[in-house]
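> following is a predicted model, sequence given first.
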Amino acid sequence: MSHVVLLGDSIFDNAAYVPDRPAVIDQVRASLPKDCTATLLAVDGHMVEDVLDQLKSLPAGATHLVVSAGGNDTLSEVAILAEAACTVGDALVLMDDVRSRFRERYRRMLRALAQTEKFVAVCSIYDAIPGLGSAELAALAMINEVILREAIAAGVSILDLRVTCSSSSDYSHVSSIEPSSTGGAKIARLIADFAVGNPANPARSVVYI
């Protein structure tokens with residue numbers, strides 16, 4: 001029996017953004033085999049470092065941890081896109097500072113997850129959000145590069161939400177940066193695939209799309 005725990009932010013804690021529709025946690029529970037269960041520890045607005053506190057509430061019997069974190073960290077740095085830079089090179093240096101700070105936080109989170117000795121998967125940050133500009137897309141690409149590289153180095157699996165949530169219908173009409181029930185169903189399918197498709201080596205990275 002698998003016990004899946006969802007950690008991180010509002011990608012999983014999205015009930016407020018899908019009124020009268022099932023939230024991601026409900027969709028995960030419906031997608032899992034009958035002998036499996038799921039617990040929501042993710043909190044709307046939380047960042048990468050908050051996952052360390054969420055892990056303190058890890059339920060007994062948890063077998064699989066799935067983390068969606070980094071979107072709010074990226075939002076907290078969005079003001080940098082308005083900063084002046086003399087050259088493209090100067091602008092990239094500014095962005096690399098953001099990437100470096102994020103990498104350190106993400107590595108600390110991955111180390112904490114590794115200490116649980118559970119199966120772990122992390123999510124990339126989706127980028128088909130309606131109305132997203134080219135500067136935001138470029139910034140997200142840099143953050144996603146960190147997530148994928150660090151996840152592979154740590155031997156954890158990846159749910160690539162960039163590929164999965166590729167349609168405007170995957171995003172909530174209440175807030176376009178949150179998953180709709182349609183997008184939530186796609187995310188739940190990936191989580192269920194991860195929970196029932198464990199690799200023989202739990203430290204092997206598998207990409208789910």
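On my side now, so go ahead.
> pLDDT value on the residue most central in space within the chain, please?
Centroid-nearest residue in the chain: Ser68, 2.1 Å away (criterion: C-alpha atoms, centre = their mean). We have a pLDDT of 98 for Ser68.
> bridged to it, which residues?
Gly8 (DSSP bridges).
> ok now do the nearest residue to Ala69 once chain neighbours are set aside, which residues does it touch?
Counting by C-beta to C-beta, 6 or more residues apart in numbering, Ala69 lies nearest to Gly8, which is 4.0 Å off, once chain neighbours are set aside. All C-beta spots, glycine's among them, are computed from the backbone N, C-alpha and C. With contact set as C-beta atoms under 8 Å, 6 or more residues apart in numbering, Gly8 has these partners: Ala42, His46, Val51, Gln54, Val67, Ser68, Ala69, Cys123.
> regarding the chain, what is its longest helix?
Using DSSP state H, we find that the single longest helix of the chain is helix 88-115.
> do you know how far the residue in the chain sticking out farthest from the centre is from Gly197?
Ranking residues of the chain by C-alpha distance from their mean position (C-alpha atoms, centre = their mean) puts Cys86 at the top, at 33.8 Å. As defined by C-beta to C-beta, to the nearest Å, Cys86 lies at a distance of 50 Å from Gly197.
> Leu159 now?
Leu159 is 12 Å from Gly197, by C-beta to C-beta.
> now do Pro33
12 Å.
> burial check on Asp193, number of neighbours?
16 (other C-beta atoms under 10 Å).
> who are the contact partners of it?
Tyr208.
> that one belongs to a helix?
Yes. Counting by DSSP: H, G, I helix; E, B strand; the rest coil, Asp193 falls inside a helix.
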